[in-house]
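Participant: structure, please.
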Amino acid sequence: MRVMQTLPVKTDRALTWRRAGVQVARLQVVHAQVLADPGSALNYLITYMEATHPEEDRILIDADRARQAGVELPEVDFLIHDDDVAFTKYLGEPGTPGSPGVVYRDVYWNREPASGEDDDRPAYRRFAQAADTLLARRADLAWTGSLVAAEVLARARA
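Facilitator: Now for the predicted structure:
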C-alpha cells in the first residue's frame, strides 16, 4: 500500500489539455469477469490511472450493458482528442475479453494523408463515432459495480 501513496499524481496532462481548450476523453470497456479478479491487468490499469491521473476524464463502459443496448464497442481502450486524433493504447490478451496488455499505441489522424502515407481518416471516424455514442449514453452504459481500484486506493489513503 505504501507504493500507492508514493506514486506521483500527474495532473499536468489533463490541465495542459484543458488550458489549450482540447477536450479529451479516455473510454475503457470493462468486463465483469475480469474486474472480479483483483490481480487482473485491467484492475491494475484502472488503479494506476486513478492514482496517477485523477483529473483525466475516464469513462468505464460496462461491456454487458452496452451489448444489451445494441452498442457496437471498440476492442481497445482509446483516447479521443477533439476532432483531430484518436489514440489506442491497450490490446486485449488472447482469450481474456477486457484484460488489457500494454502492447502498442496507434494514432489515427483526422486529416488528409501526406503523399505515401496511409489514410487514417476511416479508422479515426470509427473511434470518433464510438466516442460520440458512448459519451451520449455515458450514464446508461457506465460501469456501476464495485472496483478493486477504488477499494485499494481508499485503504492506501486512509
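Participant: quick check: phi and psi on the residue lying farthest from the centre of the chain?
Facilitator: Within the chain, the residue lying farthest from the chain centre (C-alpha atoms, centre = their mean) is residue 115, at 31.7 Å. Here is the backbone geometry of residue 115 (degrees, to the nearest 10): phi -50, psi 130.
Participant: what's across from residue 86 in the sheet?
Facilitator: Judged by DSSP bridges, the bridge partners of residue 86 are residue 80, residue 108.
Participant: okay but it is in contact with residue 125, surely?
Facilitator: No. Applying C-beta atoms under 8 Å as the test, residue 86 and residue 125 come out as separate, 9.1 Å apart. Using the backbone N, CA and C atoms, a C-beta is placed for each residue, glycine as well.
Participant: and these two? Which one has more around it.
Facilitator: residue 86 (23 against 13; other C-beta atoms under 10 Å).
Participant: contact partners for the more buried one?
Facilitator: 78, 79, 80, 107, 108, 110, 123, 124, 127, 128, 131 (C-beta atoms under 8 Å, 6 or more residues apart in numbering).
Participant: find residues that contact each of residue 86 and residue 125.
Facilitator: Jointly contacting residue 86 and residue 125 under the rule C-beta under 8 Å, 6+ apart are residue 110.
Participant: give me the next element, helix or strand, following the helix or strand bottoming out on mean pLDDT in the chain.
Facilitator: Lowest on mean pLDDT, DSSP states H and E among the helices and strands of the chain sits helix 2-6, with a mean of 45. Counting by DSSP states H and E, the next helix or strand C-terminal to helix 2-6 is helix 12-19.
Participant: tell me how far that following helix is from the chain's mean position?
Facilitator: Chain-centre distance of helix 12-19: 17 Å, with C-alpha atoms, centre = their mean, to the nearest Å.
Participant: now do stretch 63-78
Facilitator: 13 Å.
Participant: residues of the lengthiest helix in the chain that come out buried?
Facilitator: If you go by DSSP state H, the chain has its longest helix at helix 121-136. For helix 121-136, the neighbour count (16 or more other C-beta atoms under 10 Å) marks 123, 124, 127, 128, 130, 131, 133, 134 as buried.
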